[in-house]
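**Student:** Turn this into a structure:
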Amino acid sequence: MGLACSQIRLLTLTARKADCEYGISINSMEKMALTREQSALSREYQSKLQSKQIAYYADGKYNKINYSYLMGYGGNYLAVTAGTQPLKSENSMILTDYKGQVVMSKSYADAITSVLGSSAMNAQGQGGTFSTDKIPEILANLIPGFTTEQFQTVIDNEKLSSSYDADAVQTVTGESTGENVIVDSSDSTTALVQSIVDFYYPIFQAAAANGWTTEYNKEMAANEDYVSDAIVSGTFQLATVNDEGNYDPDTSLTYFITSGLVESRTDSSVREEITAWYNAEKERISEKENWLDIENQDLSTELESINTEIQSIQSLIDDAISSVFDWGSG
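**Tutor:** Okay, the predicted model is just below:
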(Lines give C-alpha, C1' and ligand atoms only; values in the text may rest on other atoms or scores of the structure.)
Protein backbone atom coordinates (compact mmCIF):
# COMPACT_ATOMS: atom_id res chain seq x y z
CA MET A 1 0.00 0.00 0.00
CA GLY A 2 2.83 2.40 0.79
CA LEU A 3 4.47 1.68 -2.55
CA ALA A 4 1.24 2.38 -4.46
CA CYS A 5 0.67 5.66 -2.62
CA SER A 6 4.24 6.68 -3.26
CA GLN A 7 3.80 5.98 -6.98
CA ILE A 8 0.61 8.07 -7.11
CA ARG A 9 2.35 10.89 -5.26
CA LEU A 10 5.32 10.65 -7.61
CA LEU A 11 3.09 10.90 -10.68
CA THR A 12 1.28 13.91 -9.20
CA LEU A 13 4.53 15.68 -8.41
CA THR A 14 5.94 14.85 -11.85
CA ALA A 15 2.87 16.38 -13.52
CA ARG A 16 3.15 19.50 -11.36
CA LYS A 17 6.87 19.69 -12.13
CA ALA A 18 6.05 19.71 -15.84
CA ASP A 19 3.49 22.50 -15.26
CA CYS A 20 6.06 24.60 -13.41
CA GLU A 21 8.69 24.10 -16.08
CA TYR A 22 6.16 24.97 -18.79
CA GLY A 23 5.09 28.10 -16.89
CA ILE A 24 8.71 29.23 -16.50
CA SER A 25 9.28 28.64 -20.21
CA ILE A 26 6.18 30.63 -21.22
CA ASN A 27 7.08 33.49 -18.87
CA SER A 28 10.61 33.60 -20.28
CA MET A 29 9.24 33.89 -23.82
CA GLU A 30 6.87 36.64 -22.67
CA LYS A 31 9.82 38.49 -21.15
CA MET A 32 11.66 38.25 -24.46
CA ALA A 33 8.57 39.66 -26.20
CA LEU A 34 8.47 42.52 -23.67
CA THR A 35 12.13 43.24 -24.39
CA ARG A 36 11.31 43.54 -28.09
CA GLU A 37 8.30 45.71 -27.23
CA GLN A 38 10.49 47.97 -25.11
CA SER A 39 12.96 48.34 -28.00
CA ALA A 40 10.15 49.16 -30.43
CA LEU A 41 8.71 51.64 -27.93
CA SER A 42 12.06 53.41 -27.62
CA ARG A 43 12.38 53.65 -31.40
CA GLU A 44 8.85 55.04 -31.71
CA TYR A 45 9.53 57.52 -28.92
CA GLN A 46 12.66 58.83 -30.61
CA SER A 47 10.84 58.99 -33.92
CA LYS A 48 7.99 61.00 -32.40
CA LEU A 49 10.43 63.39 -30.74
CA GLN A 50 12.26 63.96 -34.02
CA SER A 51 9.18 64.13 -36.26
CA LYS A 52 8.88 67.31 -38.26
CA GLN A 53 5.99 69.58 -39.00
CA ILE A 54 5.69 72.02 -41.86
CA ALA A 55 4.86 75.45 -40.52
CA TYR A 56 4.47 79.08 -41.51
CA TYR A 57 5.12 82.24 -39.53
CA ALA A 58 2.23 84.61 -38.86
CA ASP A 59 0.91 86.75 -36.01
CA GLY A 60 4.22 86.49 -34.17
CA LYS A 61 4.33 82.70 -34.01
CA TYR A 62 4.88 79.54 -36.02
CA ASN A 63 1.70 77.80 -37.11
CA LYS A 64 1.30 74.30 -38.49
CA ILE A 65 0.57 74.62 -42.19
CA ASN A 66 -2.98 73.91 -43.37
CA TYR A 67 -5.03 73.90 -46.52
CA SER A 68 -6.51 77.37 -46.01
CA TYR A 69 -3.10 79.00 -45.70
CA LEU A 70 -1.89 77.44 -48.95
CA MET A 71 -5.06 77.50 -51.03
CA GLY A 72 -7.32 80.14 -49.54
CA TYR A 73 -10.67 80.20 -47.78
CA GLY A 74 -12.94 79.21 -50.65
CA GLY A 75 -14.93 82.15 -51.94
CA ASN A 76 -14.02 84.36 -48.97
CA TYR A 77 -11.98 86.81 -51.01
CA LEU A 78 -11.67 89.19 -48.04
CA ALA A 79 -9.06 86.79 -46.65
CA VAL A 80 -7.09 87.63 -49.80
CA THR A 81 -7.89 91.30 -50.28
CA ALA A 82 -8.29 92.49 -46.70
CA GLY A 83 -5.87 90.13 -44.99
CA THR A 84 -8.46 88.85 -42.52
CA GLN A 85 -6.68 85.47 -42.47
CA PRO A 86 -2.99 84.56 -42.83
CA LEU A 87 -2.07 83.61 -46.40
CA LYS A 88 1.06 82.38 -48.14
CA SER A 89 3.65 84.92 -49.21
CA GLU A 90 4.00 83.45 -52.73
CA ASN A 91 0.78 83.11 -54.76
CA SER A 92 2.32 80.68 -57.24
CA MET A 93 2.96 78.12 -54.46
CA ILE A 94 0.11 75.60 -54.40
CA LEU A 95 -0.72 72.19 -52.94
CA THR A 96 -0.77 69.07 -55.11
CA ASP A 97 -0.87 65.35 -54.43
CA TYR A 98 1.95 62.96 -55.33
CA LYS A 99 0.45 62.51 -58.81
CA GLY A 100 0.59 66.25 -59.51
CA GLN A 101 -3.15 66.81 -59.21
CA VAL A 102 -4.15 70.09 -57.59
CA VAL A 103 -5.80 69.43 -54.20
CA MET A 104 -9.19 71.15 -54.40
CA SER A 105 -11.64 72.00 -51.64
CA LYS A 106 -15.36 71.32 -52.11
CA SER A 107 -16.11 74.97 -52.91
CA TYR A 108 -13.46 75.00 -55.66
CA ALA A 109 -14.70 71.69 -57.06
CA ASP A 110 -18.31 72.95 -57.00
CA ALA A 111 -17.29 76.08 -58.93
CA ILE A 112 -15.52 73.97 -61.57
CA THR A 113 -18.34 71.47 -62.00
CA SER A 114 -20.92 74.28 -62.12
CA VAL A 115 -19.13 75.62 -65.18
CA LEU A 116 -17.85 72.41 -66.78
CA GLY A 117 -20.68 70.07 -65.75
CA SER A 118 -20.79 67.24 -63.20
CA SER A 119 -19.02 64.89 -65.61
CA ALA A 120 -15.84 66.93 -65.09
CA MET A 121 -15.30 64.95 -61.85
CA ASN A 122 -15.31 61.14 -61.59
CA ALA A 123 -16.60 58.97 -58.74
CA GLN A 124 -13.22 59.14 -56.96
CA GLY A 125 -13.36 62.94 -56.84
CA GLN A 126 -10.78 63.42 -59.56
CA GLY A 127 -11.13 65.92 -62.38
CA GLY A 128 -9.27 66.13 -65.66
CA THR A 129 -7.67 69.04 -67.44
CA PHE A 130 -9.73 71.85 -68.96
CA SER A 131 -9.30 75.06 -70.92
CA THR A 132 -7.95 78.10 -69.11
CA ASP A 133 -10.61 80.12 -70.98
CA LYS A 134 -13.07 78.76 -68.41
CA ILE A 135 -11.20 80.21 -65.41
CA PRO A 136 -12.88 83.67 -65.47
CA GLU A 137 -16.29 81.98 -65.40
CA ILE A 138 -15.16 79.63 -62.62
CA LEU A 139 -13.92 82.57 -60.54
CA ALA A 140 -17.20 84.42 -61.06
CA ASN A 141 -19.04 81.32 -59.88
CA LEU A 142 -16.78 80.96 -56.85
CA ILE A 143 -16.69 84.61 -55.77
CA PRO A 144 -20.04 86.45 -55.63
CA GLY A 145 -20.26 90.11 -56.61
CA PHE A 146 -17.90 89.88 -59.57
CA THR A 147 -18.57 89.01 -63.20
CA THR A 148 -16.83 86.81 -65.72
CA GLU A 149 -16.12 89.90 -67.81
CA GLN A 150 -14.41 91.68 -64.91
CA PHE A 151 -12.10 88.75 -64.28
CA GLN A 152 -11.37 88.34 -67.99
CA THR A 153 -10.52 92.03 -68.35
CA VAL A 154 -8.01 91.93 -65.50
CA ILE A 155 -6.54 88.61 -66.68
CA ASP A 156 -6.00 90.32 -70.06
CA ASN A 157 -4.06 93.07 -68.21
CA GLU A 158 -6.67 95.71 -69.01
CA LYS A 159 -8.17 98.31 -66.70
CA LEU A 160 -11.76 98.02 -65.54
CA SER A 161 -14.12 100.92 -66.12
CA SER A 162 -16.04 101.48 -62.92
CA SER A 163 -17.86 104.35 -61.20
CA TYR A 164 -20.62 104.94 -58.67
CA ASP A 165 -22.84 107.72 -57.33
CA ALA A 166 -21.91 109.02 -53.89
CA ASP A 167 -24.08 111.09 -51.58
CA ALA A 168 -22.69 113.91 -49.41
CA VAL A 169 -19.08 113.31 -50.33
CA GLN A 170 -16.91 116.11 -48.99
CA THR A 171 -13.64 115.56 -50.83
CA VAL A 172 -13.59 113.32 -53.83
CA THR A 173 -12.38 113.26 -57.36
CA GLY A 174 -15.47 113.11 -59.51
CA GLU A 175 -18.09 114.99 -61.40
CA SER A 176 -20.75 116.83 -59.45
CA THR A 177 -24.34 116.22 -60.55
CA GLY A 178 -26.56 118.15 -58.17
CA GLU A 179 -26.30 116.68 -54.70
CA ASN A 180 -24.46 113.56 -55.84
CA VAL A 181 -20.89 113.03 -56.95
CA ILE A 182 -19.89 110.45 -59.55
CA VAL A 183 -16.84 108.68 -58.24
CA ASP A 184 -14.43 107.04 -60.67
CA SER A 185 -13.54 103.76 -58.93
CA SER A 186 -11.74 102.17 -61.89
CA ASP A 187 -8.37 102.08 -60.18
CA SER A 188 -9.60 100.66 -56.86
CA THR A 189 -11.90 98.10 -58.49
CA THR A 190 -9.15 96.99 -60.85
CA ALA A 191 -6.73 96.64 -57.92
CA LEU A 192 -9.30 94.64 -55.97
CA VAL A 193 -10.03 92.21 -58.80
CA GLN A 194 -6.31 92.00 -59.59
CA SER A 195 -5.55 90.85 -56.04
CA ILE A 196 -8.21 88.15 -56.36
CA VAL A 197 -6.85 87.02 -59.72
CA ASP A 198 -3.26 87.02 -58.42
CA PHE A 199 -4.21 84.57 -55.68
CA TYR A 200 -6.78 82.29 -57.31
CA TYR A 201 -5.61 82.17 -60.93
CA PRO A 202 -2.47 80.02 -60.34
CA ILE A 203 -4.61 77.43 -58.51
CA PHE A 204 -7.10 77.01 -61.34
CA GLN A 205 -4.45 77.43 -64.04
CA ALA A 206 -2.52 74.50 -62.57
CA ALA A 207 -5.73 72.47 -62.31
CA ALA A 208 -6.49 73.22 -65.95
CA ALA A 209 -3.06 71.97 -67.00
CA ASN A 210 -2.55 69.05 -64.59
CA GLY A 211 -5.94 67.89 -63.31
CA TRP A 212 -7.38 68.16 -59.82
CA THR A 213 -8.78 66.05 -57.00
CA THR A 214 -11.02 66.22 -53.92
CA GLU A 215 -10.26 62.68 -52.70
CA TYR A 216 -8.34 63.86 -49.62
CA ASN A 217 -11.00 66.24 -48.28
CA LYS A 218 -12.38 63.86 -45.64
CA GLU A 219 -8.93 63.20 -44.22
CA MET A 220 -8.12 66.91 -44.14
CA ALA A 221 -11.42 67.69 -42.38
CA ALA A 222 -10.91 64.94 -39.80
CA ASN A 223 -7.26 65.64 -38.99
CA GLU A 224 -5.86 69.17 -38.68
CA ASP A 225 -2.34 67.77 -38.98
CA TYR A 226 -3.08 65.91 -42.22
CA VAL A 227 -1.68 68.51 -44.64
CA SER A 228 1.58 68.97 -42.73
CA ASP A 229 2.04 65.23 -42.22
CA ALA A 230 1.21 64.48 -45.86
CA ILE A 231 3.77 67.02 -47.08
CA VAL A 232 6.44 65.40 -44.90
CA SER A 233 5.51 61.89 -46.07
CA GLY A 234 5.26 62.89 -49.74
CA THR A 235 1.52 62.22 -50.17
CA PHE A 236 1.15 65.96 -50.74
CA GLN A 237 3.69 68.16 -52.45
CA LEU A 238 4.25 71.86 -52.77
CA ALA A 239 4.61 73.14 -56.32
CA THR A 240 5.31 76.45 -58.00
CA VAL A 241 3.08 77.27 -60.96
CA ASN A 242 4.70 79.00 -63.96
CA ASP A 243 3.02 81.21 -66.57
CA GLU A 244 1.85 78.19 -68.58
CA GLY A 245 0.22 76.54 -65.58
CA ASN A 246 2.91 73.88 -65.36
CA TYR A 247 5.08 73.18 -62.33
CA ASP A 248 8.58 74.55 -62.13
CA PRO A 249 11.11 71.68 -61.96
CA ASP A 250 13.39 70.91 -59.02
CA THR A 251 11.08 72.43 -56.42
CA SER A 252 11.35 69.83 -53.68
CA LEU A 253 10.27 70.43 -50.10
CA THR A 254 13.87 71.44 -49.36
CA TYR A 255 13.55 74.20 -51.97
CA PHE A 256 10.51 75.72 -50.25
CA ILE A 257 12.19 75.45 -46.85
CA THR A 258 15.48 77.04 -47.94
CA SER A 259 13.51 79.74 -49.80
CA GLY A 260 11.80 80.65 -46.54
CA LEU A 261 8.32 79.98 -47.94
CA VAL A 262 7.66 77.34 -45.27
CA GLU A 263 9.43 76.14 -42.13
CA SER A 264 10.37 72.61 -41.09
CA ARG A 265 10.18 72.41 -37.31
CA THR A 266 10.25 69.79 -34.58
CA ASP A 267 6.91 69.73 -32.83
CA SER A 268 8.17 70.86 -29.43
CA SER A 269 4.65 71.72 -28.29
CA VAL A 270 3.82 68.03 -27.88
CA ARG A 271 7.13 66.90 -26.36
CA GLU A 272 5.65 66.72 -22.86
CA GLU A 273 2.65 64.78 -24.13
CA ILE A 274 4.90 62.35 -26.04
CA THR A 275 7.18 61.90 -23.04
CA ALA A 276 4.21 61.26 -20.73
CA TRP A 277 2.91 58.63 -23.16
CA TYR A 278 6.35 57.00 -23.34
CA ASN A 279 6.76 56.91 -19.56
CA ALA A 280 3.30 55.37 -19.13
CA GLU A 281 4.02 52.67 -21.71
CA LYS A 282 7.44 52.00 -20.22
CA GLU A 283 5.90 51.67 -16.74
CA ARG A 284 3.29 49.24 -18.11
CA ILE A 285 6.01 47.04 -19.61
CA SER A 286 8.10 47.27 -16.43
CA GLU A 287 5.15 46.22 -14.25
CA LYS A 288 4.48 43.23 -16.48
CA GLU A 289 8.16 42.26 -16.35
CA ASN A 290 8.13 42.51 -12.55
CA TRP A 291 5.01 40.36 -12.37
CA LEU A 292 6.64 37.74 -14.61
CA ASP A 293 9.80 37.81 -12.49
CA ILE A 294 7.78 37.25 -9.31
CA GLU A 295 5.80 34.44 -10.91
CA ASN A 296 8.99 32.81 -12.22
CA GLN A 297 10.56 33.11 -8.78
CA ASP A 298 7.52 31.44 -7.18
CA LEU A 299 7.53 28.71 -9.82
CA SER A 300 11.27 28.16 -9.38
CA THR A 301 10.87 27.88 -5.60
CA GLU A 302 8.02 25.43 -6.04
CA LEU A 303 10.00 23.48 -8.64
CA GLU A 304 12.95 23.18 -6.27
CA SER A 305 10.65 21.92 -3.53
CA ILE A 306 9.03 19.44 -5.94
CA ASN A 307 12.42 18.13 -7.05
CA THR A 308 13.44 17.62 -3.42
CA GLU A 309 10.20 15.77 -2.65
CA ILE A 310 10.48 13.68 -5.83
CA GLN A 311 13.98 12.65 -4.82
CA SER A 312 12.69 11.72 -1.36
CA ILE A 313 9.75 9.69 -2.70
CA GLN A 314 11.97 8.07 -5.33
CA SER A 315 14.31 7.06 -2.55
CA LEU A 316 11.39 5.54 -0.59
CA ILE A 317 10.22 3.67 -3.67
CA ASP A 318 13.73 2.40 -4.37
CA ASP A 319 14.05 1.27 -0.77
CA ALA A 320 10.64 -0.45 -0.89
CA ILE A 321 11.50 -2.28 -4.10
CA SER A 322 14.92 -3.22 -2.78
CA SER A 323 13.45 -4.63 0.44
CA VAL A 324 11.03 -6.80 -1.54
CA PHE A 325 13.85 -8.29 -3.60
CA ASP A 326 15.96 -8.71 -0.47
CA TRP A 327 13.07 -10.56 1.32
CA GLY A 328 12.58 -12.88 -1.64
CA SER A 329 16.24 -13.76 -1.78
CA GLY A 330 16.42 -14.56 1.95
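**Student:** got the buried residues for the longest strand seen in the chain?
**Tutor:** In the chain, assigned by DSSP state E, the strand with the most residues is strand 52-58. For strand 52-58, a neighbour-count test (16 or more other Cβ atoms under 10 Å) marks Lys52, Gln53, Ile54, Ala55, Tyr56 as buried. For the C-beta atoms, the positions are set from N, CA and C on the backbone; glycine is no exception.
**Student:** okay, now Asp156: neighbour count?
**Tutor:** Applying other Cβ atoms under 10 Å, we find 8 residues neighbouring Asp156.
**Student:** Show me what the helix or strand where Thr14 lies is packed up against.
**Tutor:** Thr14 is part of helix 2-50, with elements assigned from DSSP states H and E. Counting contacts by 3 or more Cβ pairs under 8 Å, 6 or more residues apart in numbering; DSSP states H and E, helix 2-50 packs against helix 271-329.
**Student:** returning to that earlier point: which residues touch the longest strand of the chain?
**Tutor:** 62-65, 69, 86, 88, 225, 227-229, 231-232, 253, 262-267 (Cβ atoms under 8 Å, 6 or more residues apart in numbering).
**Student:** repeat that with 10 Å
**Tutor:** For strand 52-58, contacts defined as Cβ atoms under 10 Å, 6 or more residues apart in numbering pick out 61-66, 69-70, 85-89, 225, 227-232, 236, 238, 253, 256-257, 260-270.
**Student:** what do you get for stretch 22-39?
**Tutor:** 41, 281-282, 284-286, 288-289, 291-300, 302-303.
**Student:** Which of the contacts of strand 52-58 fall in strands?
**Tutor:** Filtering those for strands - DSSP E - leaves Lys61, Tyr62, Asn63, Lys64, Phe236, Leu238, Glu263, Ser264, Arg265, Thr266.
**Student:** Highest neighbour count among the residues you listed?
**Tutor:** Counting neighbours by other Cβ under 10 Å, the top entry in these is Phe236, with 25 neighbours.
**Student:** Show the pLDDT at that residue.
**Tutor:** Confidence at Phe236, expressed as pLDDT, is 95.
**Student:** What's the separation between Thr12 and Tyr98?
**Tutor:** 67 Å (Cβ to Cβ, to the nearest Å).
**Student:** And this structure, split by domain according to the record?
**Tutor:** Domain assignment for the chain by automatic domain parsing gives 2-49+274-323, 68-266.
**Student:** can you give me the mean pLDDT across the helix holding Thr14?
**Tutor:** In the prediction, helix 2-50 has an average pLDDT of 81.
**Student:** Taking helix 271-329 as reference, get the angle to that helix.
**Tutor:** 160 degrees (axes from the mean of the first three to the mean of the last three Cα atoms, to 10 degrees).
**Student:** And helix 2-50, how far out from the chain middle?
**Tutor:** Offset of helix 2-50 from its chain centre (Cα atoms, centre = their mean, to the nearest Å): 40 Å.
**Student:** cool, and stretch 227-243?
**Tutor:** 13 Å.
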